[in-house]
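Novice: When you get a sec, could you give me coordinates for this:
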Amino acid sequence: MPIRHIRIQLSPKPRGFHLVTSEILESLGPLTGDGMLHVFIQHTSAGLTINENADPSVRHDYDLL
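Specialist: Below is the predicted model:
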């Protein structure tokens, strides 16, 4: 499977929790088959949380609604 390296610059956001899945998926373009996505954030005060989002109450834990 070929390896693709893509640099994505997310739109600026104020302090808080933000859902960025759609921005990342739009930047990746069409996906085919199985694979792995490695996300590295180059910012000193940013963090990344990955949740499967299967239960709507997960967002309430982060107060995202």
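Novice: Please make it C-alpha for all contacts and neighbour counts, starting now.
Specialist: Fine.
Novice: quick one, longest helix in this structure?
Specialist: Here the longest helix in the chain is taken by residue count, with DSSP state H as the criterion, and it is helix 21-28.
Novice: Give the buried residues for it.
Specialist: With burial defined by 16 or more other CA atoms under 10 Å, not one residue of helix 21-28 is counted as buried.
Novice: which residues are contacting that helix?
Specialist: Residues from elsewhere that reach helix 21-28, judged by CA atoms under 8 Å, 6 or more residues apart in numbering: 6, 8, 10.
Novice: Quick check: nearest residue in space to the last one, chain neighbours excluded?
Specialist: Using CA to CA, 6 or more residues apart in numbering and skipping the chain neighbours, the partner closest in space to residue 10 is residue 23 (6.9 Å).
Novice: Walking through this protein, point out its helices one by one.
Specialist: For the chain, the helices defined by DSSP H cover 21-28, 57-61.
Novice: Alpha carbons of the longest one, in PDB - could you do that?
Specialist: Which is helix 21-28. Extracted in PDB, the C-alpha atoms of helix 21-28 (Å, rounded to 0.1, in the frame of the first residue of the first chain):
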ATOM      1  CA  THR A  21     -13.100  15.400  11.600                       C
ATOM      2  CA  SER A  22     -14.900  17.000   8.600                       C
ATOM      3  CA  GLU A  23     -12.000  19.300   7.900                       C
ATOM      4  CA  ILE A  24      -9.500  16.400   8.000                       C
ATOM      5  CA  LEU A  25     -11.600  14.200   5.800                       C
ATOM      6  CA  GLU A  26     -12.100  16.900   3.200                       C
ATOM      7  CA  SER A  27      -8.400  17.500   3.100                       C
ATOM      8  CA  LEU A  28      -7.600  13.800   2.500                       C
END
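Novice: How far off centre is that helix?
Specialist: 7 Å (CA atoms, centre = their mean, to the nearest Å).
Novice: how near is residue 38 to residue 5?
Specialist: Distance of residue 38 to residue 5, given as CA to CA, to the nearest Å: 10 Å.
Novice: These two: which has the busier surroundings?
Specialist: Looking at residue 38 and residue 5 with other CA atoms under 10 Å, you find the greater number of neighbours at residue 5, namely 8 against 5.
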